[in-house]
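Chemist: What follows is a predicted protein model with its sequence.
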Amino acid sequence: MIGSRRGSGYSLVEVSAVLVLAGILIAGVYYALGNFQERSLCQQVAADLHRITLAKAQWRYEHATEVFPVTESDRFDTLRSYMKVGLQTPLLLSDIQPTGVSYTICGELELAQAATGATSFDLATETFN
C-alpha cells in the first residue's frame with residue numbers, strides 16, 4: 001500500500017522489555033559470582049585454619065614436654081616449618097592470609113579462656129576486616 005506508513009524499528013515498549021530482561025540477567029550473574037567468591041574465601045579460610053591446627057598438633061606431638069610460646073610472633077615462628085606449601089615455607093603469617101582476613105594463632109591462655117565456646121578450629125581463629 002502506497003498511502004500506509006509503517007515505521008521500521010522497535011517501539012518503546014519492546015526496547016524497555018529488552019532492557020528489563022537484560023538487567024535481570026546481569027543481576028543474576030552478579031549474584032552468582034558474588035556468592036562464588038564468598039564460598040571460595042570461606043573454603044580458603046577453613047583450609048588455612050585446618051593447616052594451622054595440624055601444624056600445632058604436629059609440633060605438640062614432637063615437643064610434648066615443651067611449653068608452647070606465649071607471643072603471637074613466637075607461635076608463628078615455632079609453627080612455620082610445619083606449614084609448608086609445596087616447597088615454600090611462609091615467612092609471615094600474613095603470607096598465607098587472604099585479603100581482608102587476619103589469623104591469630106591461639107596459645108594456652110587463649111584456649112583456656114575460650115574453652116566454653118570451642119569450635120572445630122580451636123587452635124586457630126580468623127577475623128574478617
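Modeler: Good, I have the coordinates. Numbering: from 1, shown residues only.

Chemist: Now the element after the longest helix along the chain, going C-ward?
Modeler: Of all segments of type helix in the chain, defined using DSSP state H, the longest is helix 12-62. Counting by DSSP states H and E, the next helix or strand C-terminal to helix 12-62 is helix 72-79.

Chemist: buried stuff in that next one?
Modeler: R75, F76, T78, L79 (16 or more other CB atoms under 10 Å). The C-beta positions use only the backbone N, C-alpha and C, and glycine is treated the same way.

Chemist: Tell me the helices and strands packed up against it.
Modeler: On a contact count with 3 or more CB pairs under 8 Å, 6 or more residues apart in numbering; DSSP states H and E, helix 72-79 meets helix 12-62, strand 101-105.

Chemist: Just name the most buried of those.
Modeler: strand 101-105 (a mean of 17; mean count of other CB atoms under 10 Å).

Chemist: Tell me the strands beside that strand, with direction?
Modeler: strand 124-128 (antiparallel) (DSSP bridges).

Chemist: The partner strand - what's its average pLDDT?
Modeler: Averaged over strand 124-128, pLDDT sits at 50.

Chemist: Repeat that for stretch 41-59.
Modeler: Per-residue scores along stretch 41-59 average to 85.

Chemist: centre of the chain versus stretch 18-37, how much separation?
Modeler: 23 Å (CA atoms, centre = their mean, to the nearest Å).

Chemist: Quick check: mean pLDDT of that stretch?
Modeler: Rounded mean pLDDT across stretch 18-37 is 87.

Chemist: Also stretch 71-79?
Modeler: Taken as a whole, stretch 71-79 carries a mean pLDDT of 82.

Chemist: Please enumerate residues in contact with it?
Modeler: Residues outside stretch 71-79 that contact it (CB atoms under 8 Å, 6 or more residues apart in numbering): I52, A55, K56, W59, F68, P69, L92, L93, T104, I105, G107.

Chemist: Tabulate the CA atom coordinates of it in CSV.
Modeler: Extracted in CSV, the C-alpha atoms of stretch 71-79 (Å, rounded to 0.1, in the frame of the first residue of the first chain):
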residue,chain,number,x,y,z
THR,A,71,53.7,-14.3,72.0
GLU,A,72,52.0,-14.4,68.6
SER,A,73,55.2,-13.9,66.6
ASP,A,74,57.0,-16.7,68.5
ARG,A,75,54.0,-19.0,68.0
PHE,A,76,54.2,-18.5,64.2
ASP,A,77,58.0,-18.9,64.2
THR,A,78,57.5,-22.2,66.0
LEU,A,79,54.9,-23.5,63.5
